[in-house]
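**Student:** Predicted coordinates and the sequence they were generated for:
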Amino acid sequence: MKTVAILCFIGFVVLAKSQAPDCSQFSGETYESCQEQTEQPVCSADGEMYLNPCMFCGAKSQNSSITYGGTC
């Protein structure tokens, strides 16, 4: 029973981490302030790596065809 609970928790964490970032929370950020953030890198669907979700959202704001591909 413990094993099932642990596996369910791990599955939930993986699903939660694979959701696209909420770009509205970065609307007031500058390129420099985005670079200073230390969150986990994310990738676009085409394999492009971004330093963190803020950098991904900045690129997405300039090119709406970029889609989230998950954490790298």
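**Tutor:** Received, thanks. Numbers count the residues shown, from 1 in each chain.
**Student:** shaky segments in this protein?
**Tutor:** Residue ranges of the chain with pLDDT under 70: 1-17.
**Student:** let's see it at 90
**Tutor:** Counting by pLDDT under 90, the chain contains low-confidence ranges at 1-18, 72.
**Student:** can you give me the helices in it?
**Tutor:** Using DSSP state H, the helices of the chain run over 2-17, 31-36, 53-62.
**Student:** contacts for the second one?
**Tutor:** So that's helix 31-36. 26, 51-52, 54-55, 58 (C-beta atoms under 8 Å, 6 or more residues apart in numbering). In short, each C-beta sits where N, CA and C put it, glycine included.
**Student:** let's go with 6 Å and repeat that
**Tutor:** By C-beta atoms under 6 Å, 6 or more residues apart in numbering, the residues outside helix 31-36 that reach it are 54-55, 58.
**Student:** May I ask which of the residues you listed has the most neighbours?
**Tutor:** By neighbour count, taken as other C-beta atoms under 10 Å, the most surrounded of these turns out to be residue 54 (23 neighbours).
**Student:** mind checking how far that residue is from residue 37?
**Tutor:** Separation of residue 54 from residue 37 (C-beta to C-beta, to the nearest Å) stands at 5 Å.
**Student:** tell me, what's touching the two both at once?
**Tutor:** Common neighbours of residue 54 and residue 37 (C-beta under 6 Å, 6+ apart) do not exist.
**Student:** returning to that earlier point: any chance of the contacts of helix 31-36 in a markdown table, plus distance to residue 19?
**Tutor:** Formatted as a markdown table, those follow (distance: C-beta to C-beta, whole Å):
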| residue | distance to residue 19 |
| --- | --- |
| 54 | 16 |
| 55 | 17 |
| 58 | 18 |
